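Colleague: Generate a structure from the sequence data that follows.
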Amino acid sequence: MTKDQKTVAVGAASGIAGMILLVWAIATYFPTPQVVDNNGDRLAYAFRWSVVAILPLFVMLVAVGNERFLSEAIDPTLGKESQKMVVNGRVADNTLQQFVCFLVGIGALSVSLPIERISFVPAVAITFVVCRTIFWIGYRIHPLYRAPGFSSTAYMNAFMYVAVLWMRLA
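Modeller: Residues are numbered from 1 along each chain as shown. Next up, the predicted model:
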């Protein structure tokens, strides 16, 4: 394994461990939400929390747009983007991809969880924001340092899918 692969592997593993701990802590200590136990109210609850989860993408798009406006890259066809703008654009692209996966997961999770576990909905939404922020900061420091933020979000999405399938098939 190369030095770069070791850096990414350690980052990815620490991101996954941190994500699991954060989801658990938030779900455990979050005030008990008052959600009516029907699919419509559960989905509405998840959708409201999705607004929190989309905030990093919105901030990323604003950052790219403002940098374009204030630079020679105002015309995107000229190829005058700075390295910072290229990274911010890649972070925004990946965050959009991850958010689409997240939205499916949080919706399915909200209607699959036992009602007494519905606090996992805000837990995954808040964790998504934290992990996407870590992804952005890490990527800006060095591309290899994006691993904790990437892996934590990707595996959280995968864990939501597995949990939904487990609850629905069990």
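
Colleague: Next, P122: phi, psi?
Modeller: Summarising the backbone geometry of P122 under the convention degrees, to the nearest 10, its torsions are phi -60, psi -30.

Colleague: dump the residue contacts of it.
Modeller: In this structure, P122 makes contact with 26-27, 30, 33, 49, 52, judged by C-beta atoms under 8 Å, 6 or more residues apart in numbering. Heads up, the C-betas are built off the backbone N, CA and C, glycines and all.

Colleague: Buried residues of stretch 72-87, list them for me.
Modeller: Taking 16 or more other C-beta atoms under 10 Å as the neighbour-count basis, stretch 72-87 is seen to contain the buried residues 73, 81, 85, 87.

Colleague: Let me know whether the last one touches G138 as I believe.
Modeller: Same thing as V87. No: applying C-beta atoms under 8 Å, one finds V87 not in contact with G138, separated by 10.4 Å.

Colleague: Which strands or helices does the helix or strand hosting G40 pack on?
Modeller: For G40, the element it lies in under DSSP states H and E is helix 39-69. Helix 39-69 makes packing contacts with helix 83-112, helix 120-141 when contacts are defined by 3 or more C-beta pairs under 8 Å, 6 or more residues apart in numbering; DSSP states H and E.

Colleague: any idea of the angle it forms with helix 83-112?
Modeller: 180 degrees (axes from the mean of the first three to the mean of the last three C-alpha atoms, to 10 degrees).

Colleague: For helix 39-69, the averaged confidence score.
Modeller: Helix 39-69 shows a mean pLDDT of 97.

Colleague: just the angle between it and helix 120-141, please?
Modeller: Angle of helix 39-69 versus helix 120-141, following the same axes, to 10 degrees, is 20 degrees.

Colleague: buried stuff in helix 39-69?
Modeller: Neighbour counts using 16+ other C-beta under 10 Å place 41-42, 45-46, 49-50, 53-54, 56-57, 59-60, 63-64, 67-68 of helix 39-69 among the buried residues.

Colleague: Could you find the closest non-adjacent residue to the residue nearest to the spatial centre of the chain?
Modeller: The central residue of the chain, meaning the one whose C-alpha is nearest the mean C-alpha position (C-alpha atoms, centre = their mean), is F128 at 3.3 Å. Using C-beta to C-beta, 6 or more residues apart in numbering and skipping the chain neighbours, the partner closest in space to F128 is A53 (4.4 Å).
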